[in-house]
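> Provide a 3D model corresponding to the input given below.
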Amino acid sequence: MTQSSIRNKTIWTIAYPIIFGNLAQTLITLTDTAFLGRVSAIALGASMMAGIYYYVYSTLAWGFAIGIQIIVARRLGEGRLERIGVIFEHGLFFVLFLSSGLFLVQHFFNNDILARIIQSPNIYAKAIEYMDYRHYGIIFVCFNFLFRSFYIGLSNTKVIGFSTLIMAVVNIVLDYALVFGKLGFPEMGVGGAALASVCAEISATLFFFGYTLLKLPLKTYALFCFHRLEGWLMKAILKLAFPTMIQKLFSFGTWFIFFTLVEHMGETPIAVSGIIRSVYMLIMIPVFAFGATANTLTSRLIGENKHAEVIPTVFKTISQGLIAILPVLLCCLLIPHTVLSIYTEDITLMDASMTSLWVVCAASIAMSIGMPLFEAVSGTGNTTYALILESAVLVAYTFSVWFFASYLSTAVAWVWTSEFTYGALIGLVSFLFLRFAAWQKKKI
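Sure, this is the predicted structure:
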């Protein structure tokens, strides 16, 4: 059997800065949850619902950015460095157009959309308060996705760690100041958490632009040379990226359905799920990072005409990802009350969250296997097939959520078992595709 020429050190060199990059958005969720969990269960549930709703919009930019990432990694593998700047500039143009449209939709329609989704009047009022500030950050979030994918495609991911540090510091300080009215700032509660997140996102965007202009070899990559838009290139990028955009929209859209159905179960289940979601995303940071690494290495290996090394490299990436989640996983299993106390001081809420915490620990193992396999499918350039595969899995996932949340109306921990179902199924169908489909013939 063909062995992978990619060393574990290379995998970690790409993955660990992405871990810090993923930590940025997770830290925003974590700090918002930690501060608002000390305000009230209503504030916690509302920020969680509004936050998921907000990120459903941003997934379109995330999906597009992954398309840019795949092409940049392919050109890097081919040695065609001068085309990288052209591709990135086309990405900037499209993201500006996309993010402006997303901002306008949220600005004018948030109230009506959330009123149709959220049943609790208390949670709805706080969710609107949150979104009144948070939607101003959507443009900056979209550009941040593009820059992260650009640097991941170049395998130059240390910059992502720097941007994360900046975001984390800005968000934590402003959360403390604005949620509780410290350091001379007004006490804003939920709205303060949203405003702090927007400021953190703006700081990351400014850093990315500054770092790119000052540190990257602009001439080597032909960056910011104001190339004329190439219609055929934009069409090719969108042809690759559009299925990924829809796939990410479906993926996060179904997660929003998950929390909507949980919110219909009552204010306590949604508060519990707000805490569990934050812990789960913390465990999942390495999972997403090693998934992105599998995507990049797959595209690069194909660019180097090393198709036979793709599957061995993906499994090597999975093994490193499983090692990476162990520290947080062990903390959740051995000192669960300590972990949960980060988010709330309510002992009753902690106890209600225990079973769900164990469930997401099991789900994270399944996702550690499934996510790199699925990202490798996208890395081959077969993004349409990736969309088809995930759509089929999401049907089963959504049915599982509905069955436990609405049909049986059982404990919220059973609803969280749907995450394990998703991880196992996406891994299975992705492996079958990589093992038996003719993905080697795809050109981008």
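> only C-alpha atoms for contact and neighbour calcs from this point on.
Fine.
> put the alpha carbons of stretch 407-414 into CSV.
C-alpha atoms of stretch 407-414 as CSV (Å, rounded to 0.1, in the frame of the first residue of the first chain):
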residue,chain,number,x,y,z
TYR,A,407,-41.8,13.6,18.2
LEU,A,408,-40.5,12.0,21.5
SER,A,409,-40.0,15.4,23.3
THR,A,410,-37.4,13.6,25.3
ALA,A,411,-34.4,14.8,27.3
VAL,A,412,-32.1,17.3,25.5
ALA,A,413,-29.2,14.9,25.8
TRP,A,414,-30.9,12.6,23.3
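> secondary structure element holding Ile325?
Remark: Ile325 resides in helix 310-334, with elements defined by DSSP states H and E.
> next one: that helix to chain centre, how far?
18 Å (Cα atoms, centre = their mean, to the nearest Å).
> tell me which stretches of the stretch 301-444 of the chain form helices.
Using DSSP state H, counting those that start in this stretch, the helices found in the stretch 301-444 of the chain span residues 310-334, 336-340, 347-379, 383-402, 412-436.
> neighbours around the residue nearest to Ala324 when sequence neighbours are not counted, how many?
Spatial nearest neighbour of Ala324, excluding adjacent residues (Cα to Cα, 6 or more residues apart in numbering): Pro286 at 6.2 Å. A count of nearby residues for Pro286, using other Cα atoms under 10 Å, gives 26.
> now swap in Tyr385 and tell me
Other residues close to Tyr385 by other Cα under 10 Å number 17.
> ok, now how distant is it from Ile342?
Distance check for Tyr385 against Ile342: by Cα to Cα, to the nearest Å, it reads 40 Å.
> could you do Ser149 as well?
Distance, Ser149 to Ile342, using Cα to Cα: 31 Å.
> also Trp402?
Here Trp402 is placed at a distance of 30 Å from Ile342 (Cα to Cα).
> and Ile118, by the same measure?
Taking Cα to Cα, one finds Ile118 at 27 Å from Ile342.
> how deep is the spatially closest residue to Ser5 that is not a sequence neighbour tucked in, by neighbour count?
Leaving aside its sequence neighbours, Ser5 sits nearest to Glu309 (Cα to Cα, 6+ apart; 7.3 Å). Per other Cα under 10 Å, the neighbour tally for Glu309 reads 19.
> ok, now Lys158?
Quick note: Lys158 (other Cα under 10 Å) scores 18 neighbours.
> buried stuff in stretch 258-272?
For stretch 258-272, a neighbour-count test (16 or more other Cα atoms under 10 Å) marks 258-265, 267-272 as buried.
> end-to-end on it?
End-to-end for stretch 258-272, by Cα to Cα: 13 Å.
> which residues sit against it?
With contact meaning Cα atoms under 8 Å, 6 or more residues apart in numbering, stretch 258-272 is reached by 41-42, 44-45, 49, 117-120, 273, 349-350, 352-353, 398, 401-402, 405-406, 409, 412.
> show me which of the residues you listed are buried.
41-42, 44-45, 49, 118-119, 273, 349-350, 352-353, 398, 401-402, 405, 409, 412.
> neighbours around Ile347, how many?
Count around Ile347 with other Cα under 10 Å applied: 12.
> contacting residues around it?
By Cα under 8 Å, 6+ apart, Ile347 has no neighbours at all.
> ok, it to Phe420 distance?
Distance of Ile347 to Phe420, computed by Cα to Cα: 27 Å.
> same check, this time on Pro286
The spacing between Pro286 and Phe420, counted by Cα to Cα, is 17 Å.
> likewise for Ala41?
Ala41 is 26 Å from Phe420, where distance means Cα to Cα.
> report how many residues lie close to the residue nearest to Trp255 when sequence neighbours are not counted.
Spatial nearest neighbour of Trp255, excluding adjacent residues (Cα to Cα, 6+ apart): Ile52 at 7.8 Å. The local packing of Ile52 (other Cα under 10 Å) involves 19 other residues.
> one more: Glu129?
Glu129: 21 neighbours (other Cα under 10 Å).
> correct me, but it touches Gly191?
Yes - counting by Cα atoms under 8 Å, Glu129 touches Gly191, with 5.6 Å between them.
> other residues contacting stretch 399-419?
Under Cα under 8 Å, 6+ apart, the answer for stretch 399-419 is Phe258, Leu261, Val262, Met265, Pro269, Ser273, Thr355, Ser356, Val359, Val360, Ala363, Tyr397.
> could these be laid out in JSON lines, adding pLDDT and distance to Lys248?
JSON lines is the format used below for the contacts of stretch 399-419 (pLDDT from 0 to 100; distance: Cα to Cα, whole Å):
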{"residue": "Phe258", "pLDDT": "87", "distance to Lys248": "15"}
{"residue": "Leu261", "pLDDT": "88", "distance to Lys248": "20"}
{"residue": "Val262", "pLDDT": "86", "distance to Lys248": "21"}
{"residue": "Met265", "pLDDT": "84", "distance to Lys248": "26"}
{"residue": "Pro269", "pLDDT": "85", "distance to Lys248": "26"}
{"residue": "Ser273", "pLDDT": "84", "distance to Lys248": "21"}
{"residue": "Thr355", "pLDDT": "91", "distance to Lys248": "28"}
{"residue": "Ser356", "pLDDT": "92", "distance to Lys248": "25"}
{"residue": "Val359", "pLDDT": "94", "distance to Lys248": "24"}
{"residue": "Val360", "pLDDT": "93", "distance to Lys248": "21"}
{"residue": "Ala363", "pLDDT": "95", "distance to Lys248": "19"}
{"residue": "Tyr397", "pLDDT": "93", "distance to Lys248": "15"}
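> closest to Asp175 out of the residues you listed?
Ranked by distance to Asp175 (Cα to Cα), those are led by Ser273 at 21.1 Å.
> how is that closest one assigned, secondary-structure-wise?
helix (DSSP: H, G, I helix; E, B strand; the rest coil).
> tell me the spacing between it and Arg116.
Distance from Ser273 to Arg116, by Cα to Cα: 20 Å.
> before we move on, what about Gly85?
43 Å.
> can you check Val179 too?
27 Å.
> who has more neighbours out of the two?
Val179 (25 against 9).
> helix or strand right after the helix or strand containing Thr31?
Using DSSP H and E, Thr31 sits within helix 8-36. Sequence order places helix 41-78 as the next helix or strand after helix 8-36, per DSSP H and E.
> check which helices and strands that following helix sits against.
Judged by 3 or more Cα pairs under 8 Å, 6 or more residues apart in numbering; DSSP states H and E, helix 41-78 is in contact with helix 8-36, helix 82-117, helix 121-134, helix 138-153, helix 231-263, helix 267-303.
> let's have those in TSV, adding distance to Gly381.
TSV is the format used below for those (distance: least, Cα to Cα, whole Å):
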stretch	distance to Gly381
helix 8-36	20
helix 82-117	16
helix 121-134	34
helix 138-153	13
helix 231-263	7
helix 267-303	8
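> out of those helices, flag the one nearest Phe64.
The closest of the helices and strands packed on helix 41-78 to Phe64 is helix 231-263. By Cα to Cα, the value is 4.9 Å.
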